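[1] I would like to see how this sequence folds:
(2 chains)
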There are 2 protein chains.
Amino acid sequence: MAWKRSHHCAELTTENMGEEVILNGWVDTRRDLGGVIFIDLRDRYGITQIVFKETDESLHSKAEQLRTEYVIGIKGTVKKRGEENINDELSTGGIEIDVNDLTIYSEAETTPFEIKDDIETGEDLRLEYRYLDLRRNELQQNMIMRSDFYQSTRSYFYENDFLEVETPVLMKSTPEGARDYLVPSRVNPGRFFALPQSPQTYKQLLMVSGFDRYFQIVKCFRDEDLRADRQPEFTQIDVEMSFVDEEDVMESTEGLMQKLMADTIDEQVKAPFERMTYEEAMRTYGTDKPDTRFGLEFTDFSDLVENSDFNIFANTVQDGGAVLGITVPDQGDMGRGAIDRLTERVQDETGAAGLIYIKLNEDDGVKCSVGKFLDDSTVDAMVDRADADMGDLVLILAGASPDVYKQMGQLRLMMGNEHDLIDEEAYEFLWVTDFPLVEWSREDQRYHALHHPFTSPKMNQLDLLDDDPASVNSRAYDLVLNGYEIGGGSIRIHDRELQTRMFDLLGIDEEEAEKRFGFLLEAFKYGAPPHGGIALGVDRIVMILADESSLRDVIAFPKNKKAQSTMDNSPDFVDQEQLDELHIELKHYAEKAAQEE
Amino acid sequence: MAWKRSHHCAELTTENMGEEVILNGWVDTRRDLGGVIFIDLRDRYGITQIVFKETDESLHSKAEQLRTEYVIGIKGTVKKRGEENINDELSTGGIEIDVNDLTIYSEAETTPFEIKDDIETGEDLRLEYRYLDLRRNELQQNMIMRSDFYQSTRSYFYENDFLEVETPVLMKSTPEGARDYLVPSRVNPGRFFALPQSPQTYKQLLMVSGFDRYFQIVKCFRDEDLRADRQPEFTQIDVEMSFVDEEDVMESTEGLMQKLMADTIDEQVKAPFERMTYEEAMRTYGTDKPDTRFGLEFTDFSDLVENSDFNIFANTVQDGGAVLGITVPDQGDMGRGAIDRLTERVQDETGAAGLIYIKLNEDDGVKCSVGKFLDDSTVDAMVDRADADMGDLVLILAGASPDVYKQMGQLRLMMGNEHDLIDEEAYEFLWVTDFPLVEWSREDQRYHALHHPFTSPKMNQLDLLDDDPASVNSRAYDLVLNGYEIGGGSIRIHDRELQTRMFDLLGIDEEEAEKRFGFLLEAFKYGAPPHGGIALGVDRIVMILADESSLRDVIAFPKNKKAQSTMDNSPDFVDQEQLDELHIELKHYAEKAAQEE
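    Modelled structure (predicted):
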């Protein structure tokens, strides 16, 4: 039987002097000093020092068995520590427990890696023994923050009259662009459920049902090729509201983020957040998720160099491309070698053809790498437009549009990171708005929805929908934090006819639309309110707030980059009988793999 | 664009007289009276009466288009209703809105069924148009209560230092006894994830990690043959605590239930709840989930009739069976015909061989249906033991054990329901404890865990584990409310060796144990705390609190009895390409079904 603890391991202070207490926990460290055994006893809350003196022989000899990570319970008396042992960094640092009884709940073998922060252990080993990795203070704190994050989120929505509604996990395939995870049905041979990529259609139906304001913290699934910052299952804050416009959803989201930042990391954020159109973001930062914690906004030199003698510039601009620059402060004296290495990296990582620069330093004055092809007045005009001062370095890329913007966006991030231009303490939120509704896919030879097919076009551009759809903007908005897209949403189409036109535009013919979304189109027949919403990525936001660089550090049991959990060896092969019941069989090669197992 | 409402539809009262307001909502009903159009405008919050007078002709003629379920916005002035129209049952019943502007967001065709409570529409149609069914007040209130239920639950756990941790949905198969839903892996050919039947192993690992107290409201999945009260996916409150015994988990759960009942239906419940051993529950009520809102406890007559001349009684008892009775008040004058019909029903529904009775009424005195085989003193002794008074009816079943207990349990419920012995307003909680650890499966010729393989046996019975496992009790506890099992849990095994013995007892050999649970056994090597927990069924509890008889009335988008969602036609056939990517193919007949589609 477990001893009922009187306190946890972060609770006792000099206020409790003389009390008889019971504690439970893990042996964090053990030291033997002159026959006395000192143990730091650890639990989720903290650490308390416990002491076994030599006076009680049988107790002392029992304590001698104790090793790191043993789980024990102790009874004892709270004593003041000797002056020389007081630890001001711990809340319990002024006391220790003079133990008079000990029970060992569980012994422990030597762990495959030490339970402490900043261990140098490969991630594979850490994932295999995830339950041990989760004992480390860093991960414990991340999980505690994540728990606070949930509660803060829900309080906000409850206070604002949102209803929490659970939507199905076993559902129909949604058209979010990624691959679905499928679940064969036993009762309905040959048929499959899909796991939700998002509860998009369900939350829209909840609006049609009149629930007015919905939220849910919900697991979603995408069977994508995994990158460092993707997981097969992820968690999102899912929101939908009726009778709203863009501003209402954005305002509501800003309130949530303000509360979240205050509750989890005690950070006060100002609202409203900055807003920027997609076009401006691309033109100024070369990305739709700019990191606005630092400047280095693009300068467009195209008109200045369109008619210059430098052919690369002139041709680029005359072919519809652009010549862009960023002004890096205090790098005007960058040496030849450093610039060569940078050029190579830019070519490698961004695909840019080359890197051109203007250095401004006391020794050389203004020096342009292609100065012999440009007259001085052009270079001066460029320096002037780039707002470059003595000591600055102007980096220039020329290329086709929109590639050159993306390349320059990457170069900007490189410079920001390398030259410590980013304020790591800052949290910069940004709304990006006015996205194109659709983009042309050369591969598929049809338009794709930039967000999803339910996103409303701007109502004053409906007449362009047939003739020039690529010029139509959507009523979508993305929320960006420190250069990460942390959420996105839109005002939706709530009109059956407009929705049908949209499907048509996306090359989804009537039969296909009926088959996939007939229920939504049908629902719109019976009175649908104007509505819109947003979805926010929990894993990514918590990762940013916890100052981690991997999603795996803020998820209790993550998958590795091969979508596997090595801890419990899943996914795994299953019995033939299970497959038979599900009316499926393995393809030959997969079966062979299973048999060889 | 949506008009920004100034108020929702349950907000305005005579306090707001004269104010200019904007409302949005659905046309609930429309009446035309002497040229004036009265509309009840509905939203999630309530109803407000709006009025279109004849004075503004263009507005009036626009209002004439309005039909039930149109979605509209209006601007107008708050007016006092005429005395004769005041409706005291509505918070807004004293006012109406004199409309001066109208926008129609969405028209509506005639709905397939009327949007009102107590409609007589088949459930199939209601499920097909679930989004319309969800507009009904009854379902709206159920969803609102469910939302409150979540928040109340979470507040409780947060206040009590529990951490909310998300466990994986894509996981390894758990051994809960039911079939798993499987998810083929694209990246790992031939391998499958399983959807959790419960996060059992993960929450135990969280205890091993030192998280101390965990909770989660989590979706779980069982691919069972569907009965009226089952759904393929269901929601549970999942809890685990370290360094606890049975009492700690039960006490914590009682606190939760008290808060939930108070927050959702304003019902004050007393704690601690009643406790009863499994054995007593079976002996007294013939079930491990007795409805204790009424009496009719069993009387055991076995010893009284063991040596009687009535062979059926004597043989039954001598063969190890039992003769049981229940005393139904005020039915002592039940007529011959009624008793015959009851006998037939008991035979049909419970499988009992026959029904014997003793009637006590003023006309006949004490009359036993098998009186001619029993001497009067035996009958008198039975009446005495059954505590039967004049006017009562004693119903008696004789049969093999344990079947006769189950049969009598069913008969007891029948009587309770039919003769209004159940207090429908009552909420009777009951803990059932001291379950057998295992039961013998004749079919499998091995022991099965009554709860699951991680449930700890009573520590003082460990020596019986090898020689007489069927006599060992577990440290499990079930929570019963009004005859429904609403939750169950246990103190778990946290010792590697004992867990291995348990697997062995259940016929899971070393290799199999290693393959399925190796990670848990491995985890126990590194210091596992004593721990235990519980899982509570959200759907069922909400169903009871909402006074509904079907789970489908408290789930937003439920599946029907064939595990289908007819609304969006899922599960559905998928493209061959998707199957190819997942390395599976359909069995021939399933493929044929898909092709014929």
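
[2] what mean pLDDT does the longest strand seen in chain A have?
    Taking DSSP state E as the assignment, the strand of chain A that covers the most residues is strand A:20-33. Strand A:20-33 shows a mean pLDDT of 96 in the predicted model.

[3] how far does it sit from the chain's center?
    38 Å (Cα atoms, centre = their mean, to the nearest Å).

[4] CA atoms of the helix or strand just after that strand as CSV?
    From strand A:20-33 onward toward the C-terminus, using DSSP states H and E, the following helix or strand is strand A:36-42. What follows is strand A:36-42 as a C-alpha-only set of coordinates in CSV (Å, rounded to 0.1, in the frame of the first residue of the first chain):
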residue,chain,number,x,y,z
VAL,A,36,25.3,10.2,7.0
ILE,A,37,23.2,9.6,3.8
PHE,A,38,21.8,12.6,2.1
ILE,A,39,19.2,12.1,-0.6
ASP,A,40,17.5,14.6,-2.9
LEU,A,41,13.9,13.3,-3.1
ARG,A,42,12.2,14.3,-6.4
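
[5] break chain A into its domains for me.
    What the record gives for chain A is the domain set A:14-106, A:140-276+A:430-554, A:294-422, from automatic domain parsing.

[6] how close does A:Glu577 get to B:Asp180?
    According to Cβ to Cβ, to the nearest Å, A:Glu577 stands 12 Å off from B:Asp180. Glycine gets a C-beta too; all of them are placed from N, C-alpha and C.

[7] of these two, who's got more company?
    Comparing A:Glu577 with B:Asp180 by neighbour count (other Cβ atoms under 10 Å in any protein chain shown), the higher total belongs to B:Asp180, at 23 against 8.

[8] what's in contact with the host helix or strand of A:Asp539?
    For A:Asp539, the element it lies in under DSSP H and E is helix A:538-545. Outside of helix A:538-545, the residues that reach it under the criterion Cβ atoms under 8 Å, 6 or more residues apart in numbering or on different chains are A:142, A:145-146, A:149, A:217, A:229, A:231, A:234-237, A:260-261, A:264-265, A:427, A:481-482, A:484, A:486, A:549-551, A:553-555.

[9] any of the residues you listed buried? List them.
    Under a neighbour-count criterion of 16 or more other Cβ atoms under 10 Å in any protein chain shown, the subset of these counted as buried comprises A:142, A:145-146, A:149, A:217, A:231, A:234-237, A:260-261, A:264, A:427, A:481-482, A:484, A:486, A:551, A:553-555.

[10] among the residues you listed, name the ones in strands.
    When the buried ones among the contacts of helix A:538-545 are checked against strands using DSSP E, the ones located there are A:Ile217, A:Phe234, A:Thr235, A:Gln236, A:Ile237, A:Leu481, A:Tyr484, A:Ile486.

[11] near chain B, which of the residues you listed show up?
    Applying Cβ under 8 Å from any Cβ of the partner chain to those, one finds that A:Thr235 fall near chain B.

[12] between the ones in strands among the buried ones among the contacts of helix A:538-545, which is nearest chain B?
    Out of those, the one with the shortest distance to chain B is A:Thr235. That distance is 6.3 Å, counting by Cβ to the nearest Cβ.

[13] hang on, that closest one packs against A:Val218?
    Yes. Here A:Thr235 reaches A:Val218: they are 7.0 Å apart, a contact under Cβ atoms under 8 Å.

[14] and for A:Lys359, the neighbour number?
    Counted with other Cβ under 10 Å, the neighbours of A:Lys359 add up to 22.

[15] no no, A:Leu296
    Using other Cβ under 10 Å, A:Leu296 has 23 neighbouring residues.

[16] same deal with A:Asp101?
    Per other Cβ under 10 Å, the neighbour tally for A:Asp101 reads 13.

[17] do you know how far it is from B:Asp212?
    For A:Asp101, the distance to B:Asp212 under the criterion Cβ to Cβ works out to 22 Å.

[18] out of the ones in strands among the buried ones among the contacts of helix A:538-545, flag the one nearest to B:Gly537.
    A:Ile217 (20.2 Å; Cβ to Cβ).

[19] hang on, the earlier thing: list the buried residues in the longest strand of chain A.
    Neighbour-count burial for strand A:20-33, counted by 16+ other Cβ under 10 Å, picks out A:Val21, A:Ile22, A:Leu23, A:Asn24, A:Gly25, A:Trp26, A:Val27, A:Asp28, A:Arg30.

[20] hmm, back to that, which of the domains of chain A sits most buried?
    Using mean count of other Cβ atoms under 10 Å in any protein chain shown, the stretch among the domains of chain A with the largest mean neighbour count is domain A:140-276+A:430-554, at a mean of 20.

[21] helices or strands next to the strand or helix carrying A:Gly409 in the packing?
    Using DSSP H and E, A:Gly409 sits in helix A:403-418. Using 3 or more Cβ pairs under 8 Å, 6 or more residues apart in numbering or on different chains; DSSP states H and E, the elements in contact with helix A:403-418 are helix A:278-285, strand A:322-328, helix A:336-350, strand A:393-399.

[22] ok, and what's touching that helix?
    Counting by Cβ under 8 Å, 6+ apart, helix A:403-418 makes contact with A:282-283, A:285-287, A:290-291, A:293-294, A:296, A:298, A:316, A:321-324, A:326, A:328, A:331, A:345-346, A:349-352, A:355, A:395, A:397-399, A:421-422, A:483, all of which sit outside it.

[23] output stretch A:358-375 as CSV, nothing but the C-alphas.
    This file holds the C-alpha atoms of stretch A:358-375, laid out as CSV (Å, rounded to 0.1, in the frame of the first residue of the first chain):
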residue,chain,number,x,y,z
ILE,A,358,27.5,47.1,-52.1
LYS,A,359,29.9,47.6,-49.2
LEU,A,360,30.1,50.9,-47.4
ASN,A,361,33.1,51.2,-45.1
GLU,A,362,35.6,53.9,-44.0
ASP,A,363,38.5,52.3,-45.8
ASP,A,364,37.0,51.7,-49.3
GLY,A,365,34.0,54.1,-49.3
VAL,A,366,31.2,52.7,-51.4
LYS,A,367,32.2,49.6,-53.2
CYS,A,368,29.8,47.7,-55.5
SER,A,369,30.8,44.2,-56.6
VAL,A,370,29.6,45.0,-60.1
GLY,A,371,30.6,48.6,-60.0
LYS,A,372,32.5,48.4,-63.3
PHE,A,373,29.2,47.8,-65.1
LEU,A,374,27.2,50.5,-63.3
ASP,A,375,27.8,54.2,-63.3
